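Engineer: here is my input; please provide its structure:
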Amino acid sequence: MHEENITRLHIDGREIILIGTAHVSRQSAVQVKEVIEAERPDSVCIELDAQRYQSVTDKSKWKETDIFKVIKEKKSSLLLMNLAISSFQNRLADQFGIKPGQEMLQGIESAKETGAELVLADRNIQVTFSRIWSNIGFMGKAQLLTSVFYSIFSSETISEEDLEKMKSQDTLNAVLNDFTKSFPKLKKPLIDERDQYLAQKIKDAPGQKVVAVLGAAHVPGITQEIHREHDLEKLSEVPPKSKWPKILGWALPILLVVLLAVTFYNNPAAGIDGTISWVLWTASLGAIGAALAFGHPLAILTAFVGGPVGALHPLLAAGWFSGLMQAYVRRPNVGDFETLSKDVFTLKGFWDNKVTRVLLVVVLTNIGTSAGNIIGGADVIRLFLKNL
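Structural biologist: A predicted model of the protein is given here:
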């Protein structure tokens, strides 16, 4: 048995064996099988949370997704990001003819075969995303989305040698590598906090001998953090939402209405011009966003009508209306969910699949409406100042 990529720790009379893997490497999966069979551990820890465990072990789970519920719970962007990142991993796996996450699947299977207790050791991915999202600001969010999608739809292939080098990163970090250099704060929730969480879960695993299957990026950090105590509840806290978006969400529409009212009072014709300009900008750019997502004509019309409403009311969004209409007239079927993992390989697939089409309609309509609100709002301010 090769000891490469294996770290052995002895803590309080217990042996903990860390296997550093690449998430799309056949060699890693073979090594996981060999180590668990040879060591016969009491517990096997894998770098998955309950949500990702379910997605890798039950490929049909997508079929149960309620797209209407996703839109209503404001999770369209999160689901789109999850799909985008999983597509990066699936594309690499497809290139080398292996299953994505095969080493984790092997860890699950080998734990069952040897009678070891399976421990899901990673933090909930939505908590990680929430902690990243709250850490990077508006421009960071825009750059993050751009970086992720650029990495995913790049046509470059990767060699076996490059793949083995990826053992120094996990899937998320591989996608966000350049972004992490620009935003050092990203490393804390993405790597450091997960090192602490994983270390504590591994240390708490039952038995005298524990094997942990991990992305190799986490092994150095876990090796240090496992000697300390960590509060899992604190590491799992979702950061409280800032009050400023809510305050601005109400303040800006109120300011817009006040500016238009004053302009009307000073010059009714200018007030009408400002109102028409603002309505057309928000409605038109919202509709263009839905059209760019190749939304159904009724979804585009809904985006046009809903744009001004969504821009004025902070608790509503034009994208919800257009997305719900898109889902109603082009409701995703079981086949769309079955082909989802392959369709997200390419930009064309993202637009062709009915599931991602709905998500894109939601997101691009909202982006268009926001842009229209900025441009139309600037025109309202111009007319207000002109007619003071």
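Engineer: where does the stretch 151-300 of the chain dip in pLDDT?
Structural biologist: Regions of the stretch 151-300 of the chain meeting the criterion pLDDT under 70 cover residues 151-183.
Engineer: now do 80
Structural biologist: Using pLDDT under 80 as the threshold, the predicted model of the stretch 151-300 of the chain has low-confidence ranges 151-187, 190, 239-246, 248-249.
Engineer: just the helices in it please.
Structural biologist: Assigned by DSSP state H, counting those that start in this stretch, the helices in the stretch 151-300 of the chain fall at 160-165, 171-175, 177-182, 187, 193-204, 219-225, 232-235, 243-266, 268-292, 297-312.
Engineer: what is the last one packed up against?
Structural biologist: This means helix 297-312. Helices and strands touching helix 297-312, by 3 or more CB pairs under 8 Å, 6 or more residues apart in numbering; DSSP states H and E, are helix 243-266, helix 268-292, helix 318-329, helix 354-386. In short, each C-beta sits where N, CA and C put it, glycine included.
Engineer: the longest one to helix 297-312, inter-axis angle?
Structural biologist: For helix 354-386 against helix 297-312, the angle by axes from the mean of the first three to the mean of the last three CA atoms, to 10 degrees is 40 degrees.
Engineer: same check, this time on the third one
Structural biologist: Helix 318-329 runs at 160 degrees relative to helix 297-312, counting by the same axes, to 10 degrees.
Engineer: and helix 318-329, how far out from the chain middle?
Structural biologist: The gap between where helix 318-329 is centred and where its chain is centred comes out at 21 Å by CA atoms, centre = their mean, to the nearest Å.
Engineer: mind listing what's buried along it?
Structural biologist: Applying a neighbour-count criterion of 16 or more other CB atoms under 10 Å, one finds A318, G319, W320, F321, S322, G323, L324, M325, Q326, A327 buried in helix 318-329.
Engineer: just to revisit the earlier point, ranking the helices and strands packed on helix 297-312 by burial, who's on top?
Structural biologist: Each of these was given a mean neighbour count from mean count of other CB atoms under 10 Å, and the largest, a mean of 25, is that of helix 318-329.
Engineer: and that one, what's its mean pLDDT?
Structural biologist: On average, the pLDDT along helix 318-329 is 91.
Engineer: which residues touch it?
Structural biologist: Defining contact as CB atoms under 8 Å, 6 or more residues apart in numbering, one finds that helix 318-329 is touched by 67-68, 71-72, 74, 76, 282, 286, 289-290, 295-296, 298-300, 302-303, 305-307, 309-311, 357-359, 361-366, 369.
Engineer: looking at the helices and strands packed on helix 297-312, which is nearest to G115?
Structural biologist: Among the helices and strands packed on helix 297-312, helix 354-386 comes nearest to G115, with 39.0 Å by CB to CB.
Engineer: how about the helices in the stretch 1-150 of the chain?
Structural biologist: Under DSSP H, counting those that start in this stretch, the stretch 1-150 of the chain gives helices at 26-39, 50-57, 67-72, 76-95, 102-114, 125-133, 137-153.
Engineer: those helices: lowest mean pLDDT?
Structural biologist: Between the helices of the stretch 1-150 of the chain, the lowest average pLDDT goes to helix 76-95, which shows a mean of 61.
Engineer: tell me how this protein divides into domains.
Structural biologist: Residue ranges for each domain of the chain read 6-88+99-235, 243-386, as given by automatic domain parsing.
Engineer: most tightly surrounded among the ones you listed?
Structural biologist: With neighbours defined by mean count of other CB under 10 Å, none of the domains of the chain is more surrounded on average than domain 243-386, at a mean of 20.
Engineer: endpoints of that domain, how far apart?
Structural biologist: With CA to CA, to the nearest Å as the measure, the ends of domain 243-386 fall 33 Å from one another.
Engineer: repeat that for stretch 211-224.
Structural biologist: 17 Å.
Engineer: chain center to it: distance?
Structural biologist: The gap between the average C-alpha position of stretch 211-224 and the chain average comes to 23 Å, counting by CA atoms, centre = their mean.
Engineer: 652 is where my numbering starts, stick with that
Structural biologist: I'll keep to 652 as the first residue from here, and by that count the last item is stretch 862-875.
Engineer: quick one on the thing from earlier: as TSV, the helices of the stretch 802-951 of the chain with distance to E685 would be great.
Structural biologist: As requested, these are exported to TSV (distance: least, CB to CB, whole Å):
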stretch	distance to E685
helix 811-816	17
helix 822-826	23
helix 828-833	30
helix 838	32
helix 844-855	20
helix 870-876	18
helix 883-886	31
helix 894-917	51
helix 919-943	50
helix 948-963	52
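Engineer: any idea which of these gets closest to T658?
Structural biologist: Closest to T658 of the helices of the stretch 802-951 of the chain, according to CB to CB: helix 870-876, at 5.7 Å.
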